[in-house]
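A.B. asks: sequence first, then the predicted structure:
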There are 2 protein chains.
Amino acid sequence: DHMIIIGWNEKSRTIIQNLMKTESIILIDETLESHPIKADNVHFIKGRANKDETLWKARISTAKIVMITSDQNLDELQADMHTILTLLAIKGLNPDIRCIAEIQTSEQVNNARRAGADELIPANALTSAVLMNTISSVDAVSPLLDLLAELKSNHLAYIQVESFLHGKDFQVASSLLLKENNVILIGIKRGDDLIVNPPKNLSIKKEDQLLAISND
Amino acid sequence: DHMIIIGWNEKSRTIIQNLMKTESIILIDETLESHPIKADNVHFIKGRANKDETLWKARISTAKIVMITSDQNLDELQADMHTILTLLAIKGLNPDIRCIAEIQTSEQVNNARRAGADELIPANALTSAVLMNTISSVDAVSPLLDLLAELKSNHLAYIQVESFLHGKDFQVASSLLLKENNVILIGIKRGDDLIVNPPKNLSIKKEDQLLAISND
Ligand SMILES: [Ca+2]
Ligand SMILES: [Ca+2]
């Protein structure tokens, strides 16, 4: 029940430093010459992650989670192709493992899902959204970066509609949730559509999900 | 009063597609052979962005904003070095221009500031934060990505405290803002600290800034 992290870069460095206190981690990287982190529960395997041999060495059959970061030495499309090959190899050897992968191009998202990714992190889309918010913001600091930094201690999540909210409009629901549950209501997800700050006359249905910030 | 975007990649593609309806844009890229976007108000200059000659061609002296995206063909440190050189060249030619830059490594953040960056977007830190959230909870990533997608039409910004909010607590201010101004209150920025979903007894001062989502 260890965690496998594929690729050594700024992202995996940050993630390993955050998780190494509580998790047993195996890092796989092809180009690193020596173990980059000295710690008892961080192991290093030099090798290509889309080869069965490398994955067996990383004890893929007993791992609980694999995270694939994009290869920084390739262009965006090539990096995604490597990620997808690695996903295929991992899911071929252990179909039940939870696989989180970074993806660079929007065109390869569907293939990454077909290869078995459980979660895809669209790194470029994320950065673009922050860049856009920064351009349109007149403030010295990006409000979005401030908010993202605070979302470590405040949890952004979808919550179910409790019965006292059935049929209430957004404004009433917002007041009730803040008062009763200490939760900030941001929007309503209905089917696949998220409606942030919906029109006043829209009332909440019990099948909706509520996008909210809580501080538990 | 045009906008200059440096580097052609998934991020600049997304940003240009979002901004081209309203802004006049000049794209600078060294390796692209031909103009990637056919539109009257998107111009393309082939060249290295840290050369004065290229920047003059992009009419740096009359531009209102420059955005530098990381070179995807370099490793993280080399990409940051290129970004910093480009910042130096831009600010040398036009010290007043607003410069937004993507930065990959935490070690080069200070140098990027010294070179004159007005805003730095820590792309890897952002992606790491989302990857960490995904590991720790099953639904942590999709609500955040959903929200980011919606922030194109809904604006996240700091707003001034209007007089009717002086001395009000967060809960009362939240209800008033939603009812009167159609704005969702997220948190309070006091000095350098952003407090998301603050304690109930915290009352708003006129020097505070309010982090809010509006849909204008
Ligand atoms: Ca790359
Ligand atoms: Ca790179």
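C.D. replies: Received it, and whenever you're ready, just let me know what you need. Ligands and ions are numbered 1, 2, ... in the order given.
A.B. asks: my guess is A:Lys91 contacts A:Gly116, does it?
C.D. replies: Yes: here A:Lys91 reaches A:Gly116: they are 3.5 Å apart, a contact under CB atoms under 8 Å. No exception for glycine: its C-beta is placed from N, CA and C like everyone else's.
A.B. asks: residues that sit against both of the two, list them.
C.D. replies: By CB atoms under 8 Å, 6 or more residues apart in numbering or on different chains, A:Lys91 and A:Gly116 have these common neighbours: A:Cys99.
A.B. asks: helices and strands around the helix or strand encompassing A:Glu53, which ones?
C.D. replies: Here A:Glu53, judged by DSSP states H and E, is contained in helix A:52-57. In terms of contacts (3 or more CB pairs under 8 Å, 6 or more residues apart in numbering or on different chains; DSSP states H and E), helix A:52-57 is packed against helix A:76-93.
A.B. asks: remind me which residues of chain A are low pLDDT?
C.D. replies: Applying pLDDT under 70 to chain A flags residues A:137-141, A:152-153, A:216.
A.B. asks: residue furthest from the geometric center of it?
C.D. replies: A:Asn201 (33.5 Å; CA atoms, centre = their mean).
A.B. asks: apart from its neighbours in sequence, what residue is nearest it?
C.D. replies: A:Asp169 (6.6 Å; CB to CB, 6 or more residues apart in numbering or on different chains).
A.B. asks: what is the burial count for that neighbour?
C.D. replies: 14 (other CB atoms under 10 Å in any protein chain shown).
A.B. asks: kindly report the same for A:Lys38.
C.D. replies: 6.
A.B. asks: what of the one 5 residues further on?
C.D. replies: Close neighbours of A:His43, defined as other CB under 10 Å, add up to 18.
A.B. asks: got it, and A:Thr31?
C.D. replies: 11.
A.B. asks: what residues are up against it?
C.D. replies: Neighbours of A:Thr31 in contact, by CB under 8 Å, 6+ apart: A:Trp8, A:Asn73.
A.B. asks: what helix or strand is it on?
C.D. replies: Counting by DSSP H and E, A:Thr31 is part of no helix or strand.
A.B. asks: any idea how far it lies from chain B?
C.D. replies: For A:Thr31, the distance to chain B (CB to the nearest CB, to the nearest Å) stands at 10 Å.
A.B. asks: re the thing from before, which residues does the residue nearest to A:Asn201 bridge with?
C.D. replies: A:Ser203 (DSSP bridges).
A.B. asks: hmm, it is touching A:Ile204, no?
C.D. replies: Yes: between A:Asp169 and A:Ile204 there is a contact at 7.4 Å, judged by CB under 8 Å.
A.B. asks: doesn't the residue farthest from the centre of chain A lie inside a helix?
C.D. replies: No: according to DSSP: H, G, I helix; E, B strand; the rest coil, A:Asn201 belongs to no helix; its state is coil.
A.B. asks: about what we covered before: ok, then the element right after the helix holding A:Glu53?
C.D. replies: Trace forward from helix A:52-57 with DSSP H and E and the next one is strand A:65-68.
A.B. asks: quick one: list the elements packing against that following strand.
C.D. replies: Under the contact definition 3+ CB pairs under 8 Å, 6+ apart, strand A:65-68 sits against strand A:3-6, helix A:76-93, strand A:98-103, helix B:123-136.
A.B. asks: now A:Asp40: which helix or strand?
C.D. replies: Short version, using DSSP H and E: A:Asp40 is in no helix or strand.
A.B. asks: what is the burial count for it?
C.D. replies: 7.
A.B. asks: tell me how far it lies from chain B.
C.D. replies: For A:Asp40 relative to chain B (CB to the nearest CB), the value is 21 Å.
A.B. asks: cool, and A:Asn110?
C.D. replies: From A:Asn110 to chain B the distance is 16 Å (CB to the nearest CB).
A.B. asks: and for that residue, the neighbour number?
C.D. replies: With other CB under 10 Å as criterion, A:Asn110 counts 10.
A.B. asks: before we move on, what about A:Arg113?
C.D. replies: So A:Arg113, with other CB under 10 Å, has 15 neighbours.
A.B. asks: swap in A:Asp52?
C.D. replies: Neighbours of A:Asp52 (other CB under 10 Å): 12.
A.B. asks: quickly list what the spatially most central residue of chain A is bridged to.
C.D. replies: Geometric centre of chain A, nearest residue: A:Ile121, 5.1 Å, by CA atoms, centre = their mean. A:Ile121 has these beta-bridge partners by DSSP bridges: A:Glu102.
A.B. asks: quick one: contacts for it?
C.D. replies: By CB under 8 Å, 6+ apart, A:Ile121 lies in contact with A:Ile100, A:Ala101, A:Glu102, A:Ile103, B:Thr127, B:Val130, B:Leu131, B:Thr134, B:Val141.
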